[in-house]
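okay, sequence plus prediction incoming.
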Amino acid sequence: MSRKVQENLIVGLIILVLLGVIYLSLGYGPRARMVPIPVAAFGLLLAIVQLIWQNLRATEELYVDLLEVLTKRGDSGPGSGATAEPPAAGTKGAPPRLWPKELAALGLVLSFLGLVLLIGPIPSIFIFTGGYFLVSRHYSWPKALGYTLFFTIAVYLLFVIALEIQLYHGLIEPLIDYFR
C-alpha cells in the first residue's frame, strides 16, 4: 500500500470520526451543542482541505522529513531551507537526554491538575498561566499579567457566562464556605 493511500485512509477515518461527533452532538440540547459541533465542523473542513490538497499535489512536494524539521538547530528556522548538519564521521555525539524535559512537562501537568483539584479551574488557570509565563521568562511580568488576565477572563466568560456551566470549586470550598 502506497504512502498516499495510507494518508487518504487516515484522513478518511478522521472525517468519519468528525461526522460521528457531529451526528451524536445533534442529540444534545442547544447549549450543549455550542462547542462540539463548531469544533468538529472546523476539523471536518480542515480534513477535507487536506484530503484535496494531498491528492492534487505531486508526492515529492508533500514529503516532509519531520525528524529533520524537528532537529534543526541555531538560526536555521523551519522556513530557512538550511538543514541540520550530521555529526562528523568518527565522533559520537552525546545521546540526547530527554528525561529531564519529559519530567518537567509531567510536573507542569500534575501541578495544574493539583491546582484544579485544590482551588478549582478558574483560579488554577490564572495561577498556572501567570506562573508559566513568569518562570519561562516568555514575557515581562506586566505583559504576562495582561495575557494571564485576558486568558482567564476569556475562559470564565465562555464557560461560566456563555455556556452557564457550574464549575468545580475545589477541595477547599467547604473551608471557604465555613468562613463566609
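Noted; the coordinates are in hand.

now do the helices in the chain.
Ranges of helices within the chain are 3-25, 36-56, 59-62, 66-70, 99-119, 121-135, 141-156, 173-178, based on DSSP state H.

for these, which has the smallest mean pLDDT value?
The minimum mean pLDDT among the helices of the chain belongs to helix 59-62 (a mean of 60).

so how far is residue 115 from the residue most central in space within the chain?
Nearest to the geometric centre of the chain sits residue 109, at 12.6 Å (Cα atoms, centre = their mean). Separation of residue 109 from residue 115 (Cβ to Cβ, to the nearest Å): 11 Å. Every residue, glycine included, has its C-beta placed from N, CA and C.

ok, now residue 176?
Per Cβ to Cβ, residue 176 is found 15 Å from residue 115.

more crowded one of these two?
Using other Cβ atoms under 10 Å, the more surrounded residue of residue 176 and residue 115 is residue 115, with 19 against 11.

who's the closest spatial neighbour of the more buried one, skipping the chain neighbours?
Closest residue to residue 115 apart from its sequence neighbours, by Cβ to Cβ, 6 or more residues apart in numbering: residue 124 at 3.7 Å.

can you get me a residue count around residue 25?
The burial count assigned to residue 25 is 18, neighbours taken as other Cβ under 10 Å.

quick check: it vs residue 167, distance?
Using Cβ to Cβ, we find residue 25 at a distance of 22 Å from residue 167.

residue 50 now?
Separation of residue 50 from residue 167 (Cβ to Cβ) stands at 35 Å.

how far away is residue 157 from residue 163?
For residue 157, the distance to residue 163 - Cβ to Cβ - is 10 Å.

and the protein, what are its domains?
As recorded under automatic domain parsing, the domains making up the chain are 3-67, 109-178.

end-to-end on stretch 157-175?
One end of stretch 157-175 sits 26 Å from the other (Cα to Cα, to the nearest Å).

run the chain-centre distance for it.
Relative to the mean C-alpha coordinate of its chain, stretch 157-175 is positioned 22 Å out (Cα atoms, centre = their mean, to the nearest Å).

if we can go back for a sec, surely the residue nearest to residue 115 meets residue 112?
Yes: using Cβ atoms under 8 Å, residue 124 is in contact with residue 112, at 6.3 Å.

quick check: phi and psi on residue 137?
Main-chain torsions, residue 137, degrees, to the nearest 10: phi 60, psi 40.

neighbours around it, how many?
When neighbours are counted by other Cβ under 10 Å, residue 137 registers 9.

that one and residue 131, how far apart?
Counting by Cβ to Cβ, the separation of residue 137 from residue 131 is 12 Å.
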